[in-house]
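Novice: Got a predicted structure plus its sequence, pasted below:
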Amino acid sequence: MIMTKRPPCGTRPARAVIVIALAAAAAQISLGADPVNTFNAYVDSDLCSHLMLGPITEGRLECSKTSYQQGSDAVLVRLSDNLVLNVNKEKLINPLISQTVSATGQTKVKDGTMKLQSVTPIAPGAIKPGSPDAKLLDARHFRLTGDDAQVFERVRHELAMLPYISDYDFISFTMFNGNVVLTGWTVRQTNRSAAYNVVKNLAGVKTVTNNIDILPLGSFDMRIRAGVRANLQRAFPQYFWGSGSSVKIVVKNGDVILLGLVSRQSDKDLANMKANAVPGVFKVFNMLQVESKRSQPTD
């Protein structure tokens, strides 16, 4: 009889653990798990990240602070490409609103989300001048001259020609050195995709960052959209015509953002009251601009 040697006690379980670990790692790779990365970012409010485009100026700092205090959620804006990211642990960035930070976590670019692991405030001066991260901190990078000005006009024209933009959509953009950042809100996924596709193929456009936010289409928000528009149209028929208007009504989870141009401060104030009067509205962010008064002739 041939005798065989049994493996030492514990060998099989150890091998089993190794096999399981390797299988788990392989499964993680096959599922396309997002890698952990670290980058510099600006802690903005959700409202201002989709509205205040371009460099981080005093006006943007004030917008971030004020709109956050009014109830807009905090988000991260990646400095290298202006990508807006909603984070899972908002409490980590809430105390850092309007500050520059170093953030670590798993980023899903397509979804505009980040599983945040840690965040550390950094001084803007610590960012290396001339680096991609420094561009958002320097207004000079956003000055349009020569070919850039022509590309900017082509982008503006193509976005203005999108066929399905309604009173409930607001799409805008900024550009620096051929890099286009799309932003705003829309009730149609197709508007977000169409804006990206039409811009990325334009001559002179190098990259496109798509920060256009898709708004909820539930019956709750839809009733608010219709109610706010009806109230404003009754009060200000001069700002509404046919299927269009000079006022944009953005509704997201019960919050209303008023955008556009009105003639008088009193119109802006009344619009705020009319929007707040609609049942179900949580907050109104009144971002309407008052048209500059023309100089009156003197006697």
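Specialist: All right, it came through fine. Residues are numbered from 1 along each chain as shown.

Novice: Please enumerate the strands of the stretch 101-250 of the chain.
Specialist: Secondary structure of the stretch 101-250 of the chain by DSSP state E, counting those that start in this stretch: the strands cover 113-121, 170-176, 179-186, 207-214, 240-241, 244-245, 247-252.

Novice: In a markdown table: these, plus distance to Gln289.
Specialist: C-betas here are computed from N, CA, C, even on glycine. Conversion of the strands of the stretch 101-250 of the chain to a markdown table gives the following (distance: least, C-beta to C-beta, whole Å):
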| stretch | distance to Gln289 |
| --- | --- |
| strand 113-121 | 31 |
| strand 170-176 | 13 |
| strand 179-186 | 16 |
| strand 207-214 | 21 |
| strand 240-241 | 17 |
| strand 244-245 | 14 |
| strand 247-252 | 10 |
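
Novice: what's the closest of those strands to Tyr196?
Specialist: strand 207-214 (4.8 Å; C-beta to C-beta).

Novice: Make sure Val101 is actually in contact with Ala123.
Specialist: No. Counting by C-beta atoms under 8 Å, Val101 does not reach Ala123; the two are 10.5 Å apart.

Novice: Of the two, which one has the most company?
Specialist: Applying other C-beta atoms under 10 Å to Val101 and Ala123 shows that Val101 carries more neighbours, namely 19 against 8.

Novice: Okay, the more buried one and Thr38: tell me how far apart.
Specialist: Counting by C-beta to C-beta, to the nearest Å, the gap from Val101 to Thr38 is 11 Å.

Novice: hang on, the earlier thing: could you point out which of the strands of the stretch 101-250 of the chain sits nearest Ala74?
Specialist: strand 113-121 (10.7 Å).

Novice: In terms of secondary structure, what does that closest one contact?
Specialist: strand 84-87, strand 100-108 (3 or more C-beta pairs under 8 Å, 6 or more residues apart in numbering; DSSP states H and E).

Novice: Mind putting those into TSV with distance to Glu158 and mean pLDDT?
Specialist: Formatted as TSV, those follow (distance: least, C-beta to C-beta, whole Å; pLDDT from 0 to 100):
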stretch	distance to Glu158	mean pLDDT
strand 84-87	22	96
strand 100-108	27	96
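
Novice: Would you convert those into CSV that also reports distance to Pro237?
Specialist: As requested, those are arranged in CSV below (distance: least, C-beta to C-beta, whole Å):
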stretch, distance to Pro237
strand 84-87, 35
strand 100-108, 44
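
Novice: So which of the ones you listed is the most surrounded?
Specialist: strand 84-87 (a mean of 21; mean count of other C-beta atoms under 10 Å).
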